[in-house]
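Asks: Provided below for reference: sequence and predicted model.
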Amino acid sequence: MNFVSSIVLVDIALLAMLGVVAVAIIRLKSLFAIVMLSGVYSLVSATWFVAMDAVDVAFTEAAVGAGISTALMLGAMLLTARRVKTPDKAGARRWGPFLAVFATGGLLIFASTDLPAFGDPNSPANSYVGKDYIERTPSEVGPPNIVTAVLASYRGFDTFGETVVIFAAGVAVALLIGFGERALAFSGQRSVTPEPVSPDDHHMVLRVVSKLLIPLIALYAFYVQFHGDYGPGGGFQAGVIFAVAVILNALIFGLSETMDAVPAGAARAGAAFGVLLYGGVGVVNLLNGGAFLDYDYLFETPAPGSYDPHHWGQHFGILLVELGVLATVASTMIVIFYAFAGRAPEIRDEDW
């Protein structure tokens, strides 16, 4: 068996696993099991993206799909029932959605037959603007990771818009849901005394292990942030990973203790600060005579015909805007989690 055949078998196996998990999600009634399987689906999808050489996409899918989305869905699940309620005569009502999904899937499969072969050098993904980015990045931007150069420099304005959208999502959730009575009490507006930890607490092992893992998760977030110029990663992935560290602390040690360490007001301020930092870099470029987010004008107006072989403006500009993305993404994820978890009632483990 040659290498290509083994890759095809791996792809088929991963796609089969995705199909099995999807069918299981459809058939289950327990919301907790559905949320857990959704995380499994994201992890398998990330593995498939790695097999397809889309490492940055796989990184994002693992961090967002299997990480933060699972935690947020668990928080949202606390506000609803534990099981899906099946309405009367549900069998007849399922045929309409099933036929719509079946028809859409058939159209997608039919359209995929016209796609270029994987790795075709003449395909649009490997020619035209993509080829131009590959050729121009070393001389114009500098970072070895071309994905970072494209997202933070060439299309930095689009990324700024995505950052603003994330911030707007956090603001919308906070305005619609608020932080709940428990979160208001934990933030100091009401007097609440947390329950002491019993010596025979059956979560003792989990608490001890998490105290070792949570700092490592936060440290890994900063590694992903500052290593994004050289490998997969960046502000979006690092922000989600850092938020997972905070949310994991809240799930294990309680919302009260976590909100003492990371107050809700600080999270909201961090989300706004990230957007201001990103936009502020563009304003500085404008004041120095350049275009918005043209990092070559970050420190001063370059002399006509001058060339910076180190690309200091580009490097520091990308670093600053990525820090803005990190602050906005991490803070927004924490704000959304506080919004859901702050309204959830206290439940026992067996109630899950």
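Replies: Done, it's in.
Asks: so what pLDDT did residue 287 get?
Replies: Residue 287 is assigned 92 on the pLDDT scale.
Asks: give me the number of residues near it?
Replies: Counted with other C-beta atoms under 10 Å, residues neighbouring residue 287 total 10. The way it works is simple: take the backbone N, C-alpha and C, and place the C-beta from them, glycine included.
Asks: cool, and the one 3 residues further on?
Replies: In terms of burial, residue 290 registers 19 neighbours under the definition other C-beta under 10 Å.
Asks: Please apply the same query to the one 4 residues further on.
Replies: Other residues within reach of residue 294 by the criterion other C-beta under 10 Å amount to 18.
Asks: can you check residue 154 too?
Replies: Around residue 154 there are 19 residues (other C-beta under 10 Å).
Asks: The residue lying closest to it once chain neighbours are set aside sits in which helix or strand?
Replies: Nearest residue to residue 154 in three dimensions, chain neighbours excluded: residue 133, at 6.6 Å (C-beta to C-beta, 6 or more residues apart in numbering). Secondary-structure element containing residue 133, defined by DSSP states H and E: helix 129-140.
Asks: buried stuff in that helix?
Replies: In terms of neighbour count (16 or more other C-beta atoms under 10 Å), helix 129-140 has its buried residues at 133, 137.
Asks: can you dump the C-alpha coordinates of the next helix or strand after that helix into CSV?
Replies: Sequence-wise, the next helix or strand downstream of helix 129-140 (DSSP H and E) is helix 146-149. Provided in CSV are the C-alpha atoms of helix 146-149 (Å, rounded to 0.1, in the frame of the first residue of the first chain):
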residue,chain,number,x,y,z
ILE,A,146,2.1,33.5,5.4
VAL,A,147,-1.3,32.9,7.0
THR,A,148,-0.5,35.5,9.7
ALA,A,149,0.8,37.9,7.1
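Asks: Output the contacting helices and strands for helix 146-149.
Replies: helix 129-140, helix 312-341 (3 or more C-beta pairs under 8 Å, 6 or more residues apart in numbering; DSSP states H and E).
Asks: can those go into a markdown table with extra columns for mean pLDDT and distance to residue 210?
Replies: As requested, the helices and strands packed on helix 146-149 are exported to a markdown table (pLDDT from 0 to 100; distance: least, C-beta to C-beta, whole Å):
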| stretch | mean pLDDT | distance to residue 210 |
| --- | --- | --- |
| helix 129-140 | 86 | 40 |
| helix 312-341 | 91 | 16 |
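Asks: among the ones you listed, which is nearest residue 63?
Replies: Nearest to residue 63 among the helices and strands packed on helix 146-149 is helix 312-341 (9.9 Å), distances taken as C-beta to C-beta.
Asks: Check which helices and strands that closest one is in contact with.
Replies: Packed against helix 312-341 by the contact rule (3+ C-beta pairs under 8 Å, 6+ apart) you find helix 69-77, helix 146-149, helix 156-177, helix 180-184, helix 204-226, helix 235-253, helix 255-261, helix 264-287.
Asks: Measure how that helix sits relative to helix 235-253, angle-wise.
Replies: Counting by axes from the mean of the first three to the mean of the last three C-alpha atoms, to 10 degrees, helix 312-341 lies at 30 degrees to helix 235-253.
Asks: who does the helix holding residue 133 touch, helix- and strand-wise?
Replies: Contact here means 3+ C-beta pairs under 8 Å, 6+ apart; on that basis helix 129-140 packs against helix 146-149.
Asks: quick one: contacts of the helix it packs on?
Replies: Applying C-beta atoms under 8 Å, 6 or more residues apart in numbering, the external contacts of helix 146-149 come out as 56, 133-134, 137, 141-143, 228-229, 232, 234, 318, 322.
Asks: Got a quick PyMOL command for the buried subset of these?
Replies: Here is the PyMOL selection string for the buried members of the contacts of helix 146-149, based on 16+ other C-beta under 10 Å:
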select buried, resi 56+133+137+141+142+143+228+229+232+234+318+322
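Asks: Just put the contacts of helix 146-149 in CSV and tack on distance to residue 245.
Replies: Shown next, in CSV, are the contacts of helix 146-149 (distance: C-beta to C-beta, whole Å):
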residue, distance to residue 245
56, 21
133, 33
134, 35
137, 32
141, 31
142, 31
143, 26
228, 18
229, 22
232, 19
234, 17
318, 24
322, 18
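Asks: Which pair of the contacts of helix 146-149 spans the longest distance?
Replies: Of all pairs in the contacts of helix 146-149, the most separated under C-beta to C-beta is 134 and 322 at 20.9 Å.
Asks: Quick one: find the helix or strand in the protein with the lowest mean pLDDT.
Replies: helix 180-184 (a mean of 53; mean pLDDT, DSSP states H and E).
Asks: related to what we said a few turns ago, right, so of the helices and strands packed on helix 146-149, which gets closest to residue 166?
Replies: For residue 166, the closest of the helices and strands packed on helix 146-149 is helix 312-341, at 5.2 Å, according to C-beta to C-beta.
Asks: what about the residue nearest to residue 130 when sequence neighbours are not counted, how many residues close to it?
Replies: Using C-beta to C-beta, 6+ apart and skipping the chain neighbours, the partner closest in space to residue 130 is residue 124 (7.6 Å). Look at residue 124: counted by other C-beta under 10 Å, it has 11 neighbours.
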